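[1] show me how the following folds:
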Amino acid sequence: MTDWHDQKTRQTRRPRRLEEVRSTEIGLPIAWILIGSLSGLIIIGLVGLGIVNIIRKQSNVIPTPSVIPGLAPTQPVDESAPGKATPTIPPVVTLEPTLTPSPTATPLPTVPVALEPGGYAKIVGTGDAGLSMRAGPGTNNARLTVVAEDSVVLILDGPRADENLQEFVWWFIRDENDNEGWTVQEFLEPALPPEAQ
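    Below you'll find the predicted structure:
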């Protein structure tokens with residue numbers, strides 16, 4: 001009888017075990033679904049609270065007017081109300097404009113009107129033959145060199161009358177090669193220094 005009872009117990013126990021196994025398989029996913037849906041609701045609630053908080057902060061922001069230097073406020077400040085702090089407006093600083101010095105024009109050199117010692121002269125009217133420089137103020141003196149037409153020379157001394165009593169006026173000059181001698185005034189014209197030409 002024990003065999004039969006054992007067999008019967010085994011048979012009756014097996015289906016119970018199968019039912020228990022099935023119920024736990026079904027119960028476990030249900031628990032996970034409940035936990036997941038609860039977590040989802042919590043996350044949605046937190047996101048909703050965050051959005052509401054952001055909207056509330058934006059509605060509380062009061063725009064501050066931009067301050068323009070040098071302008072006074074348009075509304076008068078009520079100074080008679082006790083306990084209220086009065087705003088202090090910083091003083092407007094006005095800078096003095098700096099004067100830009102006007103450039104001074106460099107005076108243009110003017111050609112002298114007459115020949116004089118220390119001045120310059122240009123050799124002209126020789127017909128490209130050049131002007132003779134002589135050892136003295138007269139045609140009877142030795143010719144030292146010839147100065148080319150359009151050369152500019154420095155006048156060192158003069159005027160002197162001709163030694164031979166001719167009607168020539170003589171000037172003692174120095175050319176660009178540092179040659180010095182006497183020349184006739186008739187071929188000299190007042191000029192600017194060579195560097196100013």
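
[2] how does this structure divide into domains?
    Taking automatic domain parsing as the domain assignment, the ranges for the chain are 1-61, 120-196.

[3] so how far is residue 130 from the residue positioned nearest the centre of the chain?
    What sits nearest the mean C-alpha location of the chain, by Cα atoms, centre = their mean, is residue 100, with 18.4 Å. Counting by Cβ to Cβ, to the nearest Å, the gap from residue 100 to residue 130 is 52 Å. C-betas here are computed from N, CA, C, even on glycine.

[4] and residue 116, what are its phi and psi?
    Main-chain dihedrals, residue 116, degrees, to the nearest 10: phi -160, psi 150.

[5] can you give me phi and psi for the residue nearest to residue 194 when sequence neighbours are not counted?
    Among residues not flanking residue 194 along the chain, residue 152 sits closest, at 4.7 Å (Cβ to Cβ, 6 or more residues apart in numbering). When read as degrees, to the nearest 10, the backbone of residue 152 gives phi -110, psi 130.

[6] residue 152 reaches residue 193, doesn't it?
    Yes - at 7.3 Å, residue 152 counts as touching residue 193 under the criterion of Cβ atoms under 8 Å.

[7] joint contacts of these two?
    With contacts defined as Cβ atoms under 8 Å, 6 or more residues apart in numbering, the residues shared by residue 152 and residue 193 are residue 120.

[8] neighbour-wise, which of these two wins?
    Each of residue 152 and residue 193 has its neighbours counted (other Cβ atoms under 10 Å); residue 152 has more, 19 against 11.

[9] many thanks, I have nothing further to ask.
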